[in-house]
Structure formats: structure tokens, C-alpha cells
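**Q** structure of the sequence below:
(4 chains)
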Number of protein chains: 2
Amino acid sequence: MIIVDYSDKRPIYEQIAERFQTLIISGVMEADEKLPSVRSLAVELSINPNTIQRAYMELEKDGFIYTVKGRGNFVKKDEELMNRQKEKLLAGLKEQTMNCLRQGIEKQEIIDCVERAAEGVTA
Amino acid sequence: MIIVDYSDKRPIYEQIAERFQTLIISGVMEADEKLPSVRSLAVELSINPNTIQRAYMELEKDGFIYTVKGRGNFVKKDEELMNRQKEKLLAGLKEQTMNCLRQGIEKQEIIDCVERAAEGVTA
DNA sequence: CTAAGTGTATTAAGTATCTTAGTACACTTA
DNA sequence: TAAGTGTACTAAGATACTTAATACACTTAG
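**A** Numbers count the residues shown, from 1 in each chain, chains lettered A, B, ... in the order given. Predicted structure coming up:
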């Protein structure tokens, strides 16, 4: 479920946070579902509990989870958050699209690329 | 021409290398055009010459420039490199597109986003 | 109530990377 | 010859990431 890529330059806590973020937004994890405890996930991934804690702090800061002391961390889902996330994703896509265009790639090539990506996902 | 963003988390040498990369691929800088010298760019940007040197090393490693000792660094352009770069950009775009799709954004929304981006660039 | 499991907070240390500083050498060109 | 160029090296500082160890407050199962 959660994988740490040590060849990735990004910090571990960031990888973990992003992974949960994807699981939450994509619907694999449902609202109020419990996340692994700080300690258990640390053991599972063979990393320090502090690093997991850091990842969960990020997730809470960004509104993806909520915390109940003594009980654990749980998935938080609200429409506004989903919309914000959606806009963020589209903004990134737009940025990358413009980058492609600026470097001489034709619009049609980009559209084709998107179509092919869509096939891979819907399949 | 070259800007360093200190709020950017990425290292300075990487920002500089990427900036030149964009200038080269987009055609703003032409083949065999001379890059600023290590020392002069360091003065201009108020950073250490070693950091510029690091950026130029990256660019040479990736095939975007070539070096002549005692003379300077110059833009290198060959078709193969351009194609590789193009494929790399499209692969990144595809990755991001799939990410959007997986998180519930409709294909049409993505197409619209691309269209809007195209308007901004061609205008 | 007790014990186990939970989040949270703190301090310290180790590691890696980035950046700067200073110096030196070989090359090219005016 | 002098100035400008790339290159190489060592040393030091700064920052971020990660680990380690410990402690405390809370909740839940028994």
C-alpha cells in the first residue's frame, strides 16, 4: 500500500504524505477510515516513527486527515478540499502543457498524448 | 534572462541548468551561441562561481552544451537530443494526465485545460 | 483499574546536500 | 604578456532529512 523509494530525491515524509493523498482523493481510502498508527507504519516500512509523524502532520495541515488523540488519524473528506485539489492538479497540467508548447511540441501531439493516457486509465 | 528563485526548494544549480535548457530547446539560444562565462554569470547573479560551474556541468552531461577550455561554453544542438527531450516532456505530460484521470477529473476537462493553455501560448 | 495502543513533544546526534570561499593551474585570445 | 576562460581541489558553513531515545496525555479493551 505504501512504498518508499530511496532512489527518489524527495524526502520520505513527503513521499508518504503524497501516497496517502492519492489514496484518499482517488477513493481507495474512504472518509473516516483509519490510517495505520504512527508506530505500526514505522515498523512496517522500517523507518523512524518521527518520519511518519511528519508525514501525518503534513496531511493534517493540508486537510486530508484529522487526528483524535489516543485513537489515531482518520481520512477527512469534504467537497471544498476535493475541488481545491482538482484545481491544483489542473493548474500543474496547464503549466506542463505550456512548457511543451513553448518547446515546440504541436498542440495536436499533446491532445493525442492525453487521449492515449485516457485509454490507459479507463481500460 | 536567468533568474534564481530563492523560494524554490530546488538547488540553484538545477534552476540555472533548467533555465538554459529551456532557452536552448525553445530556440531562444541558437547552436554554437556562447553562454555567459562562469565568473561573469556568478557576478551577475551574486552567487558563487562554483555553483554556475555545477550548472554547466549538468548541461554538458545532458548534452545541451559543449565546452572549449580557455574559450567558454557553447550551445550544442542535434536532432537526436531534441527528440529525446520531446519524448521526455510528453512522458511527463502523460504521467500528469493519468494522475488527473485517476483522481476523478474528466477527460474533457483535461482537453479543455490543454486548449486554454494553447491559447495563452499562441497569443 | 490496568495495560496496551494511540498521538504528541522534546532534545540530541548523524548524514547528506547545497553553497560559499579561497586558491591554483592550463588554455586561448587580444 | 595580460586578461579572460574552464577546471580542480580543499575547507567550512548552512540547511534539511532522518534517526534515536525518552516522556506525557489520551483512549480503549480486558
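
**Q** so stretch A:36-46, near DNA strand C or not?
**A** Yes. Using Cβ under 7 Å from any atom of the strand, stretch A:36-46 reaches DNA strand C at A:S37, A:V38, A:R39, A:S40. C-beta here means a position set from N, CA and C on the backbone, and glycine is covered the same way.

**Q** and for the second one, the neighbour number?
**A** Using other Cβ atoms under 10 Å in any protein chain shown, the number of residues around A:V38 comes to 17.

**Q** and the last one, by the same measure?
**A** A:S40 is surrounded by 13 other residues when neighbours are defined as other Cβ under 10 Å.

**Q** now do A:M98 against DNA strand D, distance only.
**A** Going from A:M98 to DNA strand D by Cβ to the nearest atom of the strand, to the nearest Å gives 27 Å.

**Q** hang on, isn't that residue packed against B:V121?
**A** Yes. Between A:M98 and B:V121 there is a contact at 5.5 Å, judged by Cβ atoms under 8 Å.

**Q** between the two, point out the one with more neighbours.
**A** A:M98 (16 against 13).

**Q** who touches stretch A:86-95?
**A** B:93, B:96-97, B:99-100, B:103-105, B:109-110, B:113-114, B:116-117 (Cβ atoms under 8 Å, 6 or more residues apart in numbering or on different chains).

**Q** looking at those residues, which are in helices?
**A** In helices, judged by DSSP state H, the following of the contacts of stretch A:86-95 are found: B:L93, B:Q96, B:T97, B:N99, B:C100, B:E109, B:I110, B:C113, B:V114, B:R116, B:A117.

**Q** out of the residues of stretch A:36-46 next to DNA strand C, which two sit at the greatest distance?
**A** A:V38 and A:S40 (7.6 Å; Cβ to Cβ).

**Q** what's near enough to touch the residue located most distally from the centre of chain A?
**A** Most distant from the centre of chain A: A:G104, at 30.5 Å, with distances by Cα atoms, centre = their mean. By Cβ under 8 Å, 6+ apart, A:G104 lies in contact with B:I25, B:S26, B:G27, B:K86.

**Q** among the residues you listed, who's most crowded?
**A** B:I25 (20 neighbours).

**Q** now that residue: how far from A:V4?
**A** In this view, B:I25 and A:V4 are 33 Å apart by Cβ to Cβ, to the nearest Å.

**Q** now secondary structure and pLDDT too, for the contacts of A:G104, in TSV please.
**A** Formatted as TSV, the contacts of A:G104 follow (DSSP: H, G, I helix; E, B strand; the rest coil; pLDDT from 0 to 100):
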residue	secondary structure	pLDDT
B:I25	helix	88
B:S26	coil	85
B:G27	coil	88
B:K86	helix	89
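
**Q** farthest pair in those?
**A** Farthest pair in the contacts of A:G104, by Cβ to Cβ: B:G27 and B:K86, 13.1 Å.

**Q** near DNA strand D, anything from stretch A:49-68?
**A** Yes. With Cβ under 7 Å from any atom of the strand as the measure, stretch A:49-68 is seen reaching DNA strand D through A:P49, A:N50, A:T51, A:R54, A:V68.

**Q** reformat those residues as TSV; add neighbour count.
**A** Output for those, formatted as TSV (neighbours: other Cβ atoms under 10 Å in any protein chain shown):
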residue	neighbour count
A:P49	14
A:N50	11
A:T51	18
A:R54	18
A:V68	9
